[in-house]
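>>> what's the 3D shape of this:
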Amino acid sequence: MKILHTADWHLGDRLGRIDRTDDLRRAVERVADYCARLRVDVLLVAGDLFSELARPDGLREAIRHVQETFRGFLRDGGTILTLTGNHDNENFCQTLCHAMSLAAPAADEPGALVPPGRLYLASQPTFLRLADPHDGCEVQFILMPYPTPTRYLDREESQRYHSLEEKNKHLQSAYTAALAHLRAHPRFDPKRPSVLSAHVHVRGGEVSTLFRISEQEDVVFESDDLPADFAYVALGHIHKPQCIGGHAHVRYSGSIERMDLGEASDNKSVVVFEVGPDGRRGEPEVLPLESTPVYEVDVRDPRAELPLLASSYPDAERALVHVKLKYTAGVDNLDETLSELEKIFPRWYARDWKESGALDDPLTLGEAPRGKSFEDTVRDYLKAELVNHQDAEREAVLARAEQLLRDEV
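A predicted model of the protein is given here:
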């Protein structure tokens, strides 16, 4: 069975004022091309299929694009396995899972031998089996979504915590217990080849950026918490491709695109490996993905530097750019300089400016994103910050914010 490991698609995402839909669609299509050219049997997406910033219509269009892109793959018997990450909306994904289970109820049974040719989304710890289309050998898959209270803390005593540290300890314990429970299931055969996929932060992983989540908020696991005796351990969550604990078969595939400036130097990729009756065959193969360039451009002398920028950045038209400008009043026309910079970097996602010789930095540099009101800025910020909180807590904070915004008006 040939399996392609990828993760962190973040479909429907944005960077500042820039909608990343086209970038991400191109990346998805490159993954589909690998699946077709290499005759992949299983596409394994290790979490964060969608972005928490995606609106309902954006989610609908993202699903439609995935359906169109992988129609041939699924029609020919390929299977897509994915699981929820920290950026996937729990309510939406749970609803999607319920809808899909109407078409394949047997997939809800732990250890079920599921039919190929469709997508399976795990919003809870899941154990299923797939038959190799070539020799009929059954491969076991354990899919472990990101550890959130609503997914893992089902005991009353574990739902009581007084600090973020205590909550994370409860989640660590519940997560490892859930994994052990699936491995102890009567249908789990330790002699059969098995693949584990998990959306987690494993200590020791090199982190260039934790995408919209802080180290303090994240639940960090030790490498020993994820047994290495699987044929392969497919990890998602950290966007930088890498092996963990010196094991070539325990690894993060990384995201399929550069998502922000912290990933500007990352080389994106997917991983292909094969599993047979005796386990993994050979070493995993890393395959490159072309990525969108991301720059921070610091302009200190507009009159001297602007004529050189286009040649210095030959990919300026498609690059995502944070522009930092320092100008001299009476020498540089600010509006004209900003207009010229926009012609060079049409996909700037943020820009700040400061007048040379100013005694102090202004309280606010640059500009708010055009087209977004103060109220929408507050809403988007809160939604991003609360993405890993329980639904009830998140809704309560958002409702309170709405009340305060109305009172201000």
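
>>> so what's Leu130 up against?
Going by Cβ atoms under 8 Å, 6 or more residues apart in numbering, Leu130 touches 1, 42, 79, 113-114, 116, 138-139, 141. For every residue, glycine as well, the C-beta is placed using N, CA and C.

>>> just checking: what are the partner strands of whichever strand or helix holds it?
Using DSSP states H and E, Leu130 falls within strand 126-131. Next to strand 126-131 in the sheet, as set by DSSP bridges, lie strand 112-113 (parallel), strand 138-144 (antiparallel).

>>> what's the local residue count around Ser253?
The tally of other residues near Ser253 (other Cβ atoms under 10 Å) stands at 29.

>>> just Asp278 next, same as before
10.

>>> same thing with Val42?
22.

>>> can you pull up the bridge partners for it?
Ile3, Thr79.

>>> so for Glu340, what's the pLDDT?
At Glu340, the model reports a pLDDT of 96.

>>> for Thr148, same thing?
Thr148 is given a pLDDT of 91.

>>> ok, the one 4 residues further on next?
The confidence metric pLDDT takes the value 92 at Tyr152.

>>> contacts only, for it.
With Cβ under 8 Å, 6+ apart, Tyr152 has these contacts: 125, 171, 174-175, 178.

>>> how much space between it and Ala46?
17 Å (Cβ to Cβ, to the nearest Å).

>>> what do you get for Ala184?
Distance from Ala184 to Ala46, by Cβ to Cβ: 23 Å.

>>> repeat that for Val195.
From Val195 to Ala46 the distance is 10 Å (Cβ to Cβ).

>>> more crowded one of the two?
Taking other Cβ under 10 Å, Val195 and Ala46 do not tie; Ala46 has more neighbours (28 against 25).

>>> excluding its backbone neighbours, what's nearest that one?
Gly236 (3.1 Å; Cβ to Cβ, 6 or more residues apart in numbering).

>>> in contact with the one you found, which residues?
7-8, 45-48, 83, 85, 197-199, 252-253.

>>> about what we covered before: got TSV for the strands paired with strand 126-131, with mean pLDDT and mean neighbour count too?
Below are the strands paired with strand 126-131 laid out as TSV (pLDDT from 0 to 100; neighbours: other Cβ atoms under 10 Å):
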stretch	mean pLDDT	mean neighbour count
strand 112-113	93	15
strand 138-144	97	24
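
>>> can you pull the buried residues of the top strand by length along the chain?
When the chain is parsed with DSSP state E, its longest strand is strand 279-288. By neighbour count on 16 or more other Cβ atoms under 10 Å, the buried set for strand 279-288 is 279-280, 284, 286-287.

>>> same question for it, mean pLDDT?
Per-residue scores along strand 279-288 average to 95.

>>> what's next to that strand, contact-wise?
With Cβ under 8 Å, 6+ apart as the criterion, strand 279-288 contacts 5, 34, 193, 231-232, 241, 248-249, 251, 267-275.

>>> from those, keep the buried residues only.
Buried, going by 16+ other Cβ under 10 Å: 5, 34, 193, 231-232, 241, 249, 251, 268-275, out of these.

>>> now for the residues you listed: which two are most distant?
Pro193 and Lys268 (27.8 Å; Cβ to Cβ).

>>> re the thing from before, identify the contacts common to Val195 and Ala46.
Counting by Cβ under 8 Å, 6+ apart, the residues touching both Val195 and Ala46 are Ala234.

>>> quick one on the thing from earlier: and the buried ones among the contacts of strand 279-288, which is closest to Glu165?
Checking the buried ones among the contacts of strand 279-288 one by one against Glu165 (Cβ to Cβ), the nearest turns out to be Arg251, at 28.2 Å.

>>> A strand includes that closest one, no?
Yes. The assignment for Arg251 by DSSP: H, G, I helix; E, B strand; the rest coil puts it in a strand.

>>> roughly how far apart are it and Tyr175?
19 Å.

>>> farthest pair within the contacts of Gly236?
Maximum distance among the contacts of Gly236 (Cβ to Cβ): 14.3 Å, for Leu83 and Tyr252.

>>> comparing the two, which residue is more hemmed in?
For Leu83 and Tyr252, the more surrounded residue by other Cβ under 10 Å is Leu83, and the numbers stand at 31 against 27.

>>> my read: that one touches Leu121, true?
Yes. Applying Cβ atoms under 8 Å, one finds Leu83 in contact with Leu121, separated by 7.1 Å.

>>> so which of the contacts of strand 279-288 belong to helices?
Tyr34 (DSSP state H).

>>> so which of the buried ones among the contacts of strand 279-288 belong to strands?
Short answer: the buried ones among the contacts of strand 279-288 in strands (DSSP E) are 5, 232, 249, 251, 269-275.

>>> if anything else comes up later, I'll come back, but that's it for now.
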